[in-house]
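K.L.:
A structural model of the following input is requested.
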Amino acid sequence: MFWSLFSFPDMKRFISIVLTILPIFIWAQPNYETSSDLVTFLHPFKKGDFQNTPNKQELFDSLQNVSSGITIEIPLRKETYYWPNGKTKFIRYYQGNKPFGIWHFYSETKQEKYSLTINNNKAVLFAYSTNGNIKSEQKFKIDDAHIFTQCKEKRLFPTGAIHALGTRNLVLLANGNKLLENGKWVYYYTNGMIQSKGKYKTGKKIGKWIYYDETGDKESQCFYESGELISQKKF
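P.N.:
Below you'll find the predicted structure:
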């Protein structure tokens, strides 16, 4: 039981969580097409979205295993949105007003583009390349107030090779809360060799950063203070 374990007071709280995810997710995509798809995917439908359109809501009972040998029926609402060509654009589920299960977003050619799952105090957002490989994976921690406090991020090249690994933490800013790079980050070349590594603090490079060429030899060593380059040594 995925989303049923995640307690949302109301859909406004869910929207606020989505708005926290979106800027971070979009920024991380070097070849991201458009943010409007994700906004539509994650924003709750309005009544008008079902009037004079093929979009639909369906109510059904789903059998869920709650423990070994014990199964119960859970009433669910399924919402389906369509592309103009009639192909399914995305499918999502609710238990009452609580998002439930795994949501899927598809391209006009029926390839999966995104999936989103929330399980208790964790959330995972995936984006997929046209070849089916995962383009990015973001694993979020959610506190008791349903706020995303930390994100372990893995960015991938189109081939599926790792592009970057690191962590983001919640930072309170004057223009809103953001999850910014914090702690150690490592960036890679497409051949798997390390391109650079170092640390961030609230989204800015700090301390020693080391840069390498594609064969693994050191190219330079830099020192930063609050994102500003202080010194550089080339090898």
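K.L.:
Torsion angles phi and psi at Phe50?
P.N.:
Backbone dihedrals for Phe50, given as degrees, to the nearest 10, come out at phi -110, psi 0.
K.L.:
For this structure, which element, helix or strand, carries the lowest mean pLDDT?
P.N.:
Each helix and strand of the chain was given a mean pLDDT (mean pLDDT, DSSP states H and E); the minimum falls on helix 11-27 at a mean of 50.
K.L.:
Ramachandran angles for the nearest residue to Thr130 once chain neighbours are set aside?
P.N.:
With CB to CB, 6 or more residues apart in numbering as the measure, Gln111 is the residue that lies nearest to Thr130, at 6.3 Å, once sequence neighbours are left out. Heads up, the C-betas are built off the backbone N, CA and C, glycines and all. Geometry field for Gln111 lists phi and psi as phi -90, psi 140, criterion degrees, to the nearest 10.
K.L.:
Gln111 - how many residues pack around it?
P.N.:
Counted with other CB atoms under 10 Å, residues neighbouring Gln111 total 12.
K.L.:
who touches it in this structure?
P.N.:
Taking CB atoms under 8 Å, 6 or more residues apart in numbering as the definition of contact, the neighbours of Gln111 are Tyr128, Thr130, Gly132.
K.L.:
and if you look at Leu180?
P.N.:
Contacts were defined as CB under 8 Å, 6+ apart; by that measure Leu180 touches Arg168, Asn169, Val171, Tyr200, Thr202, Gly203.
K.L.:
change it to 6 Å
P.N.:
Applying CB atoms under 6 Å, 6 or more residues apart in numbering to Leu180 gives the contacts Arg168, Val171, Thr202, Gly203.
K.L.:
mind checking pLDDT for it?
P.N.:
We note a pLDDT of 86 for Leu180 in this prediction.
K.L.:
Please apply the same query to Arg77.
P.N.:
86.
K.L.:
Show me the helices in the chain, by range?
P.N.:
Using DSSP state H, the helices found in the chain span residues 11-27, 36-42.
K.L.:
Show me what Ile70 is bridged to.
P.N.:
When assigned by DSSP bridges, Ile70 has beta-bridge partners Ser67.
K.L.:
Equivalent analysis for Lys78, please.
P.N.:
Glu58, Tyr93.
K.L.:
Please verify my assumption that it contacts Leu59.
P.N.:
No: contact criterion CB atoms under 6 Å: Lys78 and Leu59 do not qualify, at 7.8 Å.
K.L.:
Name the residues contacting each of these two.
P.N.:
Taking CB under 6 Å, 6+ apart as the contact criterion, no residue touches both Lys78 and Leu59.
K.L.:
Run through the chain and note the low-pLDDT ranges.
P.N.:
Scanning the chain for pLDDT under 70 picks out 1-40, 42-48, 64-67, 120, 145-148, 175-177.
K.L.:
Could I get the contacting residues of the most centrally placed residue in the chain?
P.N.:
Centre of the chain computed as the mean C-alpha position; nearest residue by CA atoms, centre = their mean is Leu125, 3.3 Å away. Shown here is Leu125, whose contacts under the criterion CB under 6 Å, 6+ apart are Leu116, Gln138.
K.L.:
before we move on, back to that, which of the contacts of Gln111 are buried, as a ChimeraX select command?
P.N.:
Those of the contacts of Gln111 that count as buried under 16 or more other CB atoms under 10 Å are selected in ChimeraX with:
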select :128
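K.L.:
need the contacts of Gln111 in CSV with distance to His163, can you?
P.N.:
As requested, these are exported to CSV (distance: CB to CB, whole Å):
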residue, distance to His163
Tyr128, 15
Thr130, 17
Gly132, 17
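K.L.:
Done for today, thanks.
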